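S.K.: Compute the structure for the input listed below.
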Amino acid sequence: MDLFDLTDAKQGGPPIERITCPTLVIGVTSDILFPVWQQRELAGALRKQGAAVTYVELDAPYGHDTFLIDRERVGGAVKAHLEDMD
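M.R.: Below is the predicted model:
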């Protein structure tokens, strides 16, 4: 997980240049597995490629587990993103 690089097609993911769909990136200030600086970097790279990006940064004490625990804010961000795609 620490060595995964979304921009490296050899690791099995699509090259970031191919991602053009509307994208939601959520960063959590206390996440040490995927720190917010990486989420900001990802959002910026996607924008640079022309993707419509929504970046949400949550200040939560739960680290990476925020997506499991803070259902209201994470779910709200996902819901808003999906509604914007209509």
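S.K.: From here on, just use CA atoms for contacts and neighbour counts.
M.R.: Will do.
S.K.: which element is residue 44 on?
M.R.: helix 36-48 (DSSP states H and E).
S.K.: Summarise which helices and strands the next helix or strand after that helix is packed against.
M.R.: Sequence-wise, the next helix or strand downstream of helix 36-48 (DSSP H and E) is strand 53-58. Packing partners of strand 53-58 (3 or more Cα pairs under 8 Å, 6 or more residues apart in numbering; DSSP states H and E): strand 23-28, helix 36-48, helix 71-84.
S.K.: Out of the ones you listed, which one sits most buried?
M.R.: Mean neighbours per residue, mean count of other Cα atoms under 10 Å, is largest over the helices and strands packed on strand 53-58 for strand 23-28, with a mean of 20.
S.K.: and that one, what other elements does it pack with?
M.R.: helix 36-48, strand 53-58, helix 71-84.
S.K.: CSV for those, including distance to residue 15 and mean pLDDT?
M.R.: Shown next, in CSV, are those (distance: least, Cα to Cα, whole Å; pLDDT from 0 to 100):
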stretch, distance to residue 15, mean pLDDT
helix 36-48, 11, 92
strand 53-58, 17, 96
helix 71-84, 23, 95
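S.K.: can you put the ones you listed in JSON lines and add distance to residue 26?
M.R.: Putting the helices and strands packed on strand 23-28 into JSON lines (distance: least, Cα to Cα, whole Å) gives the following:
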{"stretch": "helix 36-48", "distance to residue 26": "7"}
{"stretch": "strand 53-58", "distance to residue 26": "5"}
{"stretch": "helix 71-84", "distance to residue 26": "8"}
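S.K.: returning to that earlier point: export the helices and strands packed on strand 53-58 to TSV and tack on distance to residue 17?
M.R.: Listed next are the helices and strands packed on strand 53-58 as TSV, based on distance: least, Cα to Cα, whole Å:
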stretch	distance to residue 17
strand 23-28	13
helix 36-48	8
helix 71-84	21
